[in-house]
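# sequence isn't available, so here's the structure alone:
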């Protein structure tokens, strides 16, 4: 039996976006549809099959090491964004303000989706989930511009709700309204996972 | 805090190998050292940044779809191989007969290592674990040649002990004797994992 198993869990794409120039702003522009290719959405500043390593992986790599790019997509969930907004006391959070690529509706606890799971669109376009994304301070500026005084509240409110990062396993089209199906590694949880997390050297 | 966490778990490379021509035989040739590049070990028949999809992912892709190659490496553990040999009633199993790329000694329950975990060598060479590898019948022929009558026992004996598949996140050198460190996604288990596995559509 194959190790990658289709599940009955699906989610609808409610929003698609692209960051054209990350030096100008984190904010992404919204799209109705996008072609995804190996490396990401065409024209995405976070795209590319490889990238230069950043502060997030300093425990693994000296800064600016050429590594595979598993951060081609920032995938967030409508449910998580609503909970973050609630915790911040603001009306709503636009995925664009977070520099997101895809917002999905319908997958519970999206931020803890199994690493190496796949999200597949009807076109065959498929993303590999790398792991949880961790909130940074960059969205604060975008949020502050809309809700003065609220930006700083983002990082704490977004803990465990910031979505996941993902990269392209198979090319194809994505459109707002598409249902993506979740495929998961069909394997038991590693028996030493909690011990490894607790004893992890920094 | 970054989501990818170094752990205190390490394993020693006891064997390195490469399959030069998969049409000729599954068997791999052993190496004392290897340079790994994006796509895998140079000269490896299972290498390449992309590959044509096979029967293992027919639930996701029509055969021969171009997809990212997450099967650049077959990583097995010395402990698993000893247990498989014991279950088969043979003296030993050589990683070469399984077409393995790397045999590691010291990581408990290697076959269920967390998906998206990383194995990093002292050179900086780093592999991303995709997921459990599932045993097929191909090693039977190699084993049969050494232990007549035993080949067919491999597939059943190797359930949950066949190791993991992996691919290159960062280039560098690997040598027999190197200690590789395990880095894991620092996130909770998805609350719906067992429900998804139980209800998974085939």
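Great, that's in hand. Just so it is clear, the structure is predicted and the values come from calculations on it, not from any experiment. Numbering: from 1, shown residues only, chains lettered A, B, ... in the order given.

# helices and strands around the worst-scoring helix or strand of chain A on mean pLDDT, which ones?
Counting by mean pLDDT, DSSP states H and E, chain A has its least confident helix or strand at helix A:138-146, which shows a mean of 89. With contacts defined as 3 or more Cβ pairs under 8 Å, 6 or more residues apart in numbering or on different chains; DSSP states H and E, helix A:138-146 has these neighbours: helix A:154-157. Where C-beta positions appear, they are placed from N, C-alpha and C, glycine not excepted.

# buried set for the helix it packs on?
For helix A:154-157, the neighbour count (16 or more other Cβ atoms under 10 Å in any protein chain shown) marks A:154-155, A:157 as buried.

# quick one: buried residues of the lengthiest strand in chain A?
Secondary structure of chain A per DSSP state E: the longest strand is strand A:4-18. Within strand A:4-18, the residues scored as buried using 16+ other Cβ under 10 Å are A:4-7, A:9, A:11, A:13-18.

# show me which of those residues neighbour chain B.
Among the buried residues of strand A:4-18, the ones lying near chain B by Cβ under 8 Å from any Cβ of the partner chain are A:4-7, A:9.

# quick one on the thing from earlier: out of the buried residues of helix A:154-157, flag the one nearest to chain B.
Chain B lies nearest to residue A:155 out of the buried residues of helix A:154-157, by Cβ to the nearest Cβ, at 11.5 Å.

# any idea how far residue A:52 is from the nearest residue to that closest one once chain neighbours are set aside?
In space, residue A:155 comes closest to residue A:135 once its chain neighbours are excluded; the distance is 4.9 Å by Cβ to Cβ, 6 or more residues apart in numbering or on different chains. Residue A:135 sits 22 Å away from residue A:52, going by Cβ to Cβ, to the nearest Å.

# between those two, who's got more neighbours?
Applying other Cβ atoms under 10 Å in any protein chain shown to residue A:135 and residue A:52 shows that residue A:135 carries more neighbours, namely 19 against 12.

# tell me how far the least confident helix or strand of chain A lies from the chain's centre.
Counting by Cα atoms, centre = their mean, to the nearest Å, helix A:138-146 is centred 18 Å from the centre of its parent chain.

# hang on, the earlier thing: possible to save the buried residues of strand A:4-18 as CSV with pLDDT?
Shown next, in CSV, are the buried residues of strand A:4-18 (pLDDT from 0 to 100):
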residue, pLDDT
A:4, 96
A:5, 96
A:6, 96
A:7, 96
A:9, 97
A:11, 98
A:13, 98
A:14, 98
A:15, 97
A:16, 96
A:17, 93
A:18, 90
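
# beta partners for residue A:15?
Residues in a beta bridge with residue A:15, per DSSP bridges, are residue A:103.

# that one contacts residue A:28, doesn't it?
No - checked against Cβ atoms under 8 Å, the pair residue A:15 and residue A:28 is beyond contact range at 9.3 Å.

# which residues of chain A score low on pLDDT?
Applying pLDDT under 70 to chain A flags residues A:1, A:22, A:24-26, A:200-202.

# and with 90 instead?
Residues of chain A that meet the criterion pLDDT under 90 lie in A:1-2, A:19-29, A:42-47, A:99, A:135-142, A:199-202.

# the helices in it, which residues?
Secondary structure of chain A by DSSP state H: the helices cover A:78-88, A:138-146, A:154-157, A:193-198.

# quick one, the longest one and helix A:138-146 angle?
Between helix A:78-88 and helix A:138-146, the angle formed by their directions is 70 degrees, by axes from the mean of the first three to the mean of the last three Cα atoms, to 10 degrees.

# contacts for helix A:78-88?
With contacts defined as Cβ atoms under 8 Å, 6 or more residues apart in numbering or on different chains, helix A:78-88 is touched by A:14, A:91-93, A:95, A:98, A:103-105, A:108, A:110-111, A:143, A:147, A:150, A:153-154, A:157-158, A:161-163.

# returning to what we had before: got a markdown table for the buried residues of helix A:154-157, with distance to residue B:191 too?
Listed next are the buried residues of helix A:154-157 as a markdown table, based on distance: Cβ to Cβ, whole Å:
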| residue | distance to residue B:191 |
| --- | --- |
| A:154 | 24 |
| A:155 | 24 |
| A:157 | 20 |
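
# closest one of those to residue A:63?
residue A:155 (21.6 Å; Cβ to Cβ).

# quick one: the closest one and residue A:137 touch, right?
Yes - contact criterion Cβ under 8 Å: residue A:155 and residue A:137 qualify, at 5.7 Å.

# how many neighbours does the residue lying closest to residue A:47 once chain neighbours are set aside have?
Take residue A:47 and drop its neighbours on the chain: the residue closest to it by Cβ to Cβ, 6+ apart is residue A:40, 3.2 Å away. Neighbour count of residue A:40, defined by other Cβ under 10 Å: 24.

# bridging residues for residue A:40?
Note on residue A:40: beta-bridge partners by DSSP bridges are residue A:37.

# ok, it - contacts?
With Cβ under 8 Å, 6+ apart, residue A:40 has these contacts: A:46-48, A:69, A:72-73, A:101, A:167-168.

# cool, residue A:102 as well?
By Cβ under 8 Å, 6+ apart, the contact set of residue A:102 is A:13, A:15-17, A:73-76, A:174.

# centre of the chain to stretch A:94-108, how far?
Distance, stretch centre to chain centre, for stretch A:94-108: 8 Å (Cα atoms, centre = their mean).

# what is the end-to-end distance of that stretch?
From its first residue to its last, stretch A:94-108 covers 19 Å (Cα to Cα, to the nearest Å).

# can you pull the buried residues of it?
A:94-104, A:106-107.

# mind checking which of the residues you listed are in strands?
Per DSSP E, the buried residues of stretch A:94-108 map to strands at A:102-104.

# out of those, who's nearest chain B?
residue A:104 (14.4 Å).

# these two touch, right, that closest one and residue A:180?
Yes - applying Cβ under 8 Å as the test, residue A:104 and residue A:180 come out as touching, 6.6 Å apart.

# common neighbours of these two, please.
Contacts common to residue A:104 and residue A:180, judged by Cβ under 8 Å, 6+ apart, are A:11-13, A:119.
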